[in-house]
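# A predicted structure for the sequence below; I have some questions about it.
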Amino acid sequence: MAALTAAPAPQTSPTAPAARKRRPRPRVWRGLVGLLAAVYFLGPMFFSVLFTLDVPGQGFTLDSYSGIFGTAGFWPGIRLTMEMAGATIAGVLLLLVPALLAVRLTAPRLRVVVEIVCSLPLVVPAVALTAGISQVLSWGPEHFADTPLFQTFNTIQNPSFPLVLVLAYVLMALPLAYRTLDAGLRAVDVPTLVEAARNCGAGWPRAVVQVVLPNMRGALLNTAFLTLALVLGEYTVSSILGYTPFAVWIVSIGDSEAQTSVAVSVISLVLTWGLLLVLAAVGRGPSFRSSRSNRRRGPAAAAPAAQEIS
């Protein structure tokens, strides 16, 4: 019978304890930075809410919030602002999306030119832009009184819907919209998608609408939200030109009804945050949520999915 030899004992490497993953130690400075950021951002919000609730001589009351909808000028201001916001979003998307797609598909060398043109509004201050618009609006009717352009100058200055403000807002929104849409296009292989759609028999409009734009949903929603936020908070151009959208109305009632003005500002800020969260959730889409759940479940979820596909 052959002699039995004992198996050698497994040797442990002296560096094994060092190779173990160390537990992350809590760092105090992270919590301190988070606390300072919370105080910086939420502190003014808290004191604004406190100012609207604490009425001298009455104590804490909700009269500042309950009387918002009955304040004179509230509904006309919010209606005008939302109408101009919708027109501005449509103008920005109709102007930039075809231009960026054309540059990426047919003339990539013009990308630098488009970027410079879209970044020019950052160089021109809003006051200077408004001064130039005012000069054109005062100069035009005098020199085009006997031409059809005279009626055009009157139409774009209609107080019920000032188209001149929409044109100014489109210019001011170009830098932000360009960066957002360009980032969305960089994340998508547009030439490959369009070529595949064309090989399947789709025309150019159908390839763009049904193939490219759905893959840019997040970028389009972010562009729309940034443009909406710009229109809601813009004050300089509209006040100098003499119109009263929502932001100008808030400032105008501040002298007579300060608490109502601050209450409206708080509500608009909360609604803007809520809209941002909704757009962020919608922009992720079902594919993002399904992939995230699959990553959480691990490799065990791959087998049932493969069986379903087969």
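Yep, that arrived. Residues are numbered from 1 along each chain as shown.

# So for the residue nearest to Glu234 when sequence neighbours are not counted, what's the pLDDT?
With sequence-adjacent residues excluded and distances taken as C-beta to C-beta, 6 or more residues apart in numbering, Glu234 is closest to Ala247, at 6.1 Å. For every residue, glycine as well, the C-beta is placed using N, CA and C. Note for Ala247: predicted pLDDT of 89.

# quick one: Ala247 and Thr81 touch, right?
Yes. Using C-beta atoms under 8 Å, Ala247 makes contact with Thr81 at a distance of 7.5 Å.

# where do the contact lists of those two overlap?
The contact sets of Ala247 and Thr81 overlap at Leu232 (C-beta atoms under 8 Å, 6 or more residues apart in numbering).

# So between the two, which is more surrounded?
Thr81 (24 against 20; other C-beta atoms under 10 Å).

# Now do the contacts for the closest residue to that one other than its chain neighbours.
Leaving aside its sequence neighbours, Thr81 sits nearest to Phe246 (C-beta to C-beta, 6+ apart; 3.9 Å). Neighbour list for Phe246: Gly77, Ile78, Leu80, Thr81, Leu232, Ser268 [criterion: C-beta under 8 Å, 6+ apart].

# Pull the number of nearby residues for the last one.
Other residues near Ser268 come to 17 when the count uses other C-beta under 10 Å.

# Doesn't it lie inside a helix?
Yes. The assignment for Ser268 by DSSP: H, G, I helix; E, B strand; the rest coil puts it in a helix.

# Let me know the pLDDT of it.
pLDDT, read off for Ser268, is 82.

# The closest residue to it other than its chain neighbours sits in which helix or strand?
In this structure, Ser268 finds its nearest non-sequential neighbour in Leu232, 6.6 Å apart by C-beta to C-beta, 6+ apart. If you go by DSSP states H and E, Leu232 is part of helix 217-233.

# Sketch out the low-pLDDT regions of this structure for me.
Scanning the chain for pLDDT under 70 picks out 1-26, 283-310.

# Between the contacts of Phe246, which sits nearest Arg30?
Set against Arg30, the nearest of the contacts of Phe246 by C-beta to C-beta is Ser268 (32.0 Å).

# what residues are up against the closest one?
Ser268 sits next to Leu232, Phe246, Ile250 when contact means C-beta under 8 Å, 6+ apart.

# OK, contacts around the residue nearest to Glu234?
Thr81, Leu232, Gly233, Glu234, Tyr235, Ser238.

# Now list the buried members of those.
By neighbour count, with 16 or more other C-beta atoms under 10 Å, the contacts of Ala247 hold Thr81, Leu232, Glu234, Ser238 as buried.

# Out of those residues, which is nearest to Arg27?
Leu232 (38.2 Å).

# right, and that closest one touches Thr272 too?
Yes. Counting by C-beta under 8 Å, Thr272 is a contact partner of Leu232 at 6.8 Å.

# Show the backbone phi and psi for Asp54.
phi -90, psi 100 (degrees, to the nearest 10).

# Can you give me the neighbour number for the nearest residue to it once chain neighbours are set aside?
Leaving aside its chain neighbours, Asp54 sits nearest to Phe60 (5.9 Å; criterion: C-beta to C-beta, 6+ apart). Look at Phe60: counted by other C-beta under 10 Å, it has 8 neighbours.

# Thr52 is in contact with Phe60, correct?
No. The criterion here is C-beta under 8 Å, and Phe60 misses it with Thr52 at 10.0 Å.

# rewinding a little: quick check, distance from the helix holding Leu232 to the centre of its chain.
Computed by C-alpha atoms, centre = their mean, to the nearest Å, the chain-centroid distance of helix 217-233 equals 4 Å.

# and what of stretch 178-194?
17 Å.

# now stretch 247-254
Remark: stretch 247-254 is offset 24 Å from the chain centroid, using C-alpha atoms, centre = their mean.

# mind listing what's buried in that stretch?
Buried, per 16+ other C-beta under 10 Å, within stretch 247-254: Ala247, Val248, Trp249, Ile250, Ile253.

# Touching, Leu62 and Leu53? I think so.
Yes. Assessed by C-beta under 8 Å, Leu62 is found in contact with Leu53 at 7.1 Å.

# So which of these two has more stuff around it?
Using other C-beta under 10 Å as the criterion, Leu62 and Leu53 rank with Leu53 on top: 16 against 11.
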